[in-house]
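Participant: Just a sequence and a predicted model for now, questions to come.
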Amino acid sequence: MAENQVPAGFELLAECAESPFDQLVGAYYSKDTGAEWIIGFRVEPKHMNIGGTLHGGVLATLFDWQAAAVKPYLGITAHTPTISLSVDYLAPAQCGDWLEMQVKAQQRTGRMLFTRAEVYAGERLIGRSNAIYRIPSTAR
């Protein structure tokens, strides 16, 4: 697969187009499997660190999209600000890698959404993350 190609079934994540920062870092893609959304991302030269692998801040930015992956299944349409984001960096990603983030909603309370995610490059586990997002009162 060519470096700039997007795998079949993935569509541009429209929510990304609303954020100038995410337009700079992205593009992000989503795939609805029927049971969950998967967020996809192609590693480009602009994402590399001085060591020649994916910059950790770019991976953290990808992990911050966890809520977008599960909100449609939970009926949440409002913006959900991040309260906490933890990231474990497990393996380097290379330029040209297609990354897929698999997200699970762990719990939803009246005010918070708890998620867990893993990012893979093919079969390689690149990182894992836990996040907490605030659910605005308009979305409860």
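Facilitator: Thanks, I have it.

Participant: which residues in the chain form helices?
Facilitator: Under the criterion DSSP state H, the chain contains helices at 20-25, 56-63, 66-74.

Participant: Can you check which of these gets nearest to Met48?
Facilitator: helix 56-63 (8.8 Å; Cβ to Cβ). Glycine gets a C-beta too; all of them are placed from N, C-alpha and C.

Participant: What helices and strands are in contact with that closest one?
Facilitator: The contact analysis (3 or more Cβ pairs under 8 Å, 6 or more residues apart in numbering; DSSP states H and E) places helix 56-63 against helix 20-25, strand 82-89, strand 98-108, strand 112-121, strand 124-134.

Participant: so where's this protein shaky on pLDDT?
Facilitator: 1-4, 16-17, 138-140 (pLDDT under 70).

Participant: quick one: buried residues of stretch 76-95?
Facilitator: By neighbour count on 16 or more other Cβ atoms under 10 Å, the buried set for stretch 76-95 is Ile76, His79, Thr80, Leu85, Val87, Tyr89, Pro92, Ala93.

Participant: Can you get me the start-to-end distance on that stretch?
Facilitator: 34 Å (Cα to Cα, to the nearest Å).

Participant: Other residues contacting that stretch?
Facilitator: 3, 43-45, 47-48, 51-54, 56, 59-60, 63-64, 67, 71, 99, 112-113, 121, 124-136, 138-139 (Cβ atoms under 8 Å, 6 or more residues apart in numbering).

Participant: quick revisit: same list (the helices of the chain) but as a markdown table, adding mean neighbour count and distance to Lys31.
Facilitator: As requested, those are exported to a markdown table (neighbours: other Cβ atoms under 10 Å; distance: least, Cβ to Cβ, whole Å):
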| stretch | mean neighbour count | distance to Lys31 |
| --- | --- | --- |
| helix 20-25 | 12 | 18 |
| helix 56-63 | 20 | 15 |
| helix 66-74 | 20 | 10 |
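
Participant: Including distance to Ala105, could the ones you listed go into JSON lines?
Facilitator: Formatted as JSON lines, the helices of the chain follow (distance: least, Cβ to Cβ, whole Å):
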{"stretch": "helix 20-25", "distance to Ala105": "21"}
{"stretch": "helix 56-63", "distance to Ala105": "15"}
{"stretch": "helix 66-74", "distance to Ala105": "4"}
